[in-house]
Every structure is written in C-alpha cells, then in structure tokens.
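Sequence and computational prediction follow.
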Amino acid sequence: MREELISLLEEAFEAGIITSTVHTQVEALVHNLGMTEEEYRKIEDEIRINAYIKKVKEREKKGITFMGDLRKQYHISDDDKVIIQQKLAAAPKKSSSVKQTVQTKPQEGTPQAEPPSVMTRSEKLKQQPQMPIETPEKKPAAKKVEPVPKTAVGKKLIVVADDNETQLFLTRSVLEENGFECATADTPEGAVKLITERKPALVICDVNFGIGKPTGMDVFTNIRTKGLHMPFLIMSAFIQKEFKDHAKRIGVTEYLVKPTDPAELIAVIKKYLPR
C-alpha cells in the first residue's frame with residue numbers, strides 16, 4: 001500500500017499537479033497506512049523535489065535556464081533549494097544519500113531570490129483574503145448592502161487571486177496604474193468569498209494554489225454555480241494544451257500564460273470591460 005501511495009504521488013508530480021481526485025486517493029491511503037502528517041509530508045516533499053529536479057535537468061538539456069515557473073509550480077521554498085543543491089551536487093559523483101556541502105554556485109541556473117510562498121498540507125488554509133478597499137456608505141445594517149463593482153469615483157473592481165505575493169503585487173500595480181480598483185486573495189477559498197461578497201467587474205485567477213487544494217478552475221465553476229457571470233481570466237504558468245482546453249471547455253473567458261505582458265493584460269481586460 002505504501003508503494004501504491006508513492007507511485008500515485010510520482011505520477012501526479014510528473015504531470016505537474018495533484019488533482020482533487022488524486023488528493024482523495026492519497027488521503028485514503030494515508031489514513032489506511034496510519035501515517036502521521038509529518039511522515040506523509042516527508043514522502044511528499046521527497047517526491048516533489050525529485051520531480052522538480054528531473055524537470056530542471058530536462059530543461060537544461062534543451063538549453064533552457066529559466067526555472068521561475070517550475071519553482072512556483074512545484075512550490076520550491078528556500079529550504080527546498082538547499083536540498084536541491086545538495087542532490088545536484090551529489091548526483092555526478094554517484095555518492096550515497098549522505099548530504100553534501102552546499103555549493104556556492106546553484107546548479108539549476110541562477111534563480112533570483114523570491115519570497116517563499118509555499119504552504120505545506122499541515123498548515124491551515126487562510127480563511128480571510130486581504131482586506132478590500134473600504135466602500136463608502138457602508139451601513140452597519142443587519143443585512144449587507146449589495147456591493148457593486150465600482151468605487152465612488154467610478155473605478156471598476158477587478159479581483160486577482162494568486163498564491164504568489166510577488167505576482168499579486170505586480171498585477172495590482174498594473175491594474176491600479178491603468179485606472180482599475182483591485183482586491184486580492186491568496187487562496188481559492190478566499191477568492192470565492194471575495195468574489196461573492198464584492199461582485200467584481202472581472203476576475204483574474206491563477207490555476208495552481210498548492211498541492212491538494214482547489215484550483216482556479218474550481219474557483220470558476222464555484223462562482224458560476226452561485227450565478228455570478230463576470231468575465232473570468234485564467235493567468236497561469238501552466239502552458240500545457242490540456243489546461244487551456246479544459247478552461248475553454250468549462251467556459252473560462254480567456255487563458256493567459258505567465259509571464260504576461262502588462263500591455264497585453266490591459267488589452268484583454270479592456271476587451272471585456274469597455275469604457
């Protein structure tokens with residue numbers, strides 16, 4: 001049964017994402033094996049890191065040195081980078097599993113420092129999104145006043161959902177510089193809550209929020225079942241055709257690939273939000 005769990009995780013990480021179906025299977029196996037959260041996390045982290053290293057080597061063979069999207073996809077933290085450097089340093093020497101001294105020069109390219117955004121499965125999902133800009137004339141009545149997708153000065157509200165703080169900051173900056181109001185969420189649950197409460201004019205959402213968590217596609221289907229039909233843009237580092245096809249099939253308005261040019265993003269937004 002342990003081999004079945006490992007095989008399942010290896011296939012999922014090779015594909016680059018753990019779907020909700022696979023997550024359910026994993027949880028059942030972990031329960032049947034009587035594993036603690038810490039025991040499972042060690043196995044998952046080992047497989048996740050090995051899958052990432054394999055992808056890095058495949059890219060290097062093709063002469064590709066940029067790994068930023070892979071680091072985000074596999075949720076590589078600063079601690080993970082140390083382990084990866086040790087594995088890469090040990091691999092050419094075919095040494096034992098004893099950890100090697102960390103090399104000064106990274107072996108996977110020269111990744112620039114970025115704030116760690118990884119959240120392990122043992123951490124509780126954040127229940128609240130970032131606080132939105134206060135809307136004028138909000139009355140402390142028993143029932144909430146129906147929110148509208150514009151501020152008092154006529155700016156259209158756009159909700160951006162992404163688990164990467166840097167991406168949220170950059171996207172917010174682009175939107176605000178172009179005259180839009182922006183509210184952000186860093187979890188899929190927070191995104192659904194924010195969209196439901198504020199009913200924005202448009203939504204921009206990432207696909208992957210972490211292993212075993214709902215995806216941006218899930219956010220889309222969730223708000224559609226609530227009767228909310230504003231334009232919904234997926235903005236993801238996933239370039240695989242199956243993701244784009246799935247998004248189109250379920251009715252996502254547009255699928256954009258990161259990194260997205262700011263001018264292109266604004267052009268797409270204006271296409272669906274004419275002045």
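In hand now; what should we look at?

what residue ranges in the stretch 151-275 of the chain score low on pLDDT?
Where the stretch 151-275 of the chain drops to pLDDT under 70, the residues are 151-153, 275.

Strands of that one, start to end?
157-161, 181-185, 202-205, 232-236, 254-257 (DSSP state E, counting those that start in this stretch).

now the ones you listed as TSV including mean neighbour count and distance to Thr171?
Backbone N, C-alpha and C define where each C-beta goes, glycine included. Below are these laid out as TSV (neighbours: other CB atoms under 10 Å; distance: least, CB to CB, whole Å):
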stretch	mean neighbour count	distance to Thr171
strand 157-161	27	5
strand 181-185	23	7
strand 202-205	25	7
strand 232-236	24	8
strand 254-257	16	11
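
Could you dump those strands into CSV with distance to His31 added?
CSV is the format used below for those (distance: least, CB to CB, whole Å):
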stretch, distance to His31
strand 157-161, 30
strand 181-185, 30
strand 202-205, 31
strand 232-236, 31
strand 254-257, 36
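
so which of those gets nearest Ala15?
Among these, the nearest to Ala15 by CB to CB is strand 232-236 (14.7 Å).

Quick one: residues in contact with the closest one.
With CB atoms under 8 Å, 6 or more residues apart in numbering as the test, strand 232-236 has contacts from 162, 171, 202-208, 216-217, 220, 223, 243, 247, 252-258, 260, 265, 268-269.

likewise stretch 46-57?
Outside stretch 46-57, the residues that reach it (CB under 8 Å, 6+ apart) are 6, 9-10, 13-14, 67, 70-71, 74-76, 80, 83-84, 87-88, 108-109, 211.

quick one: which of those sit in helices?
6, 9-10, 13-14, 70-71, 80, 83-84, 87-88 (DSSP state H).

what's the farthest-apart pair in those residues?
Most distant of these, by CB to CB, are Ile6 and Arg71, 23.3 Å apart.
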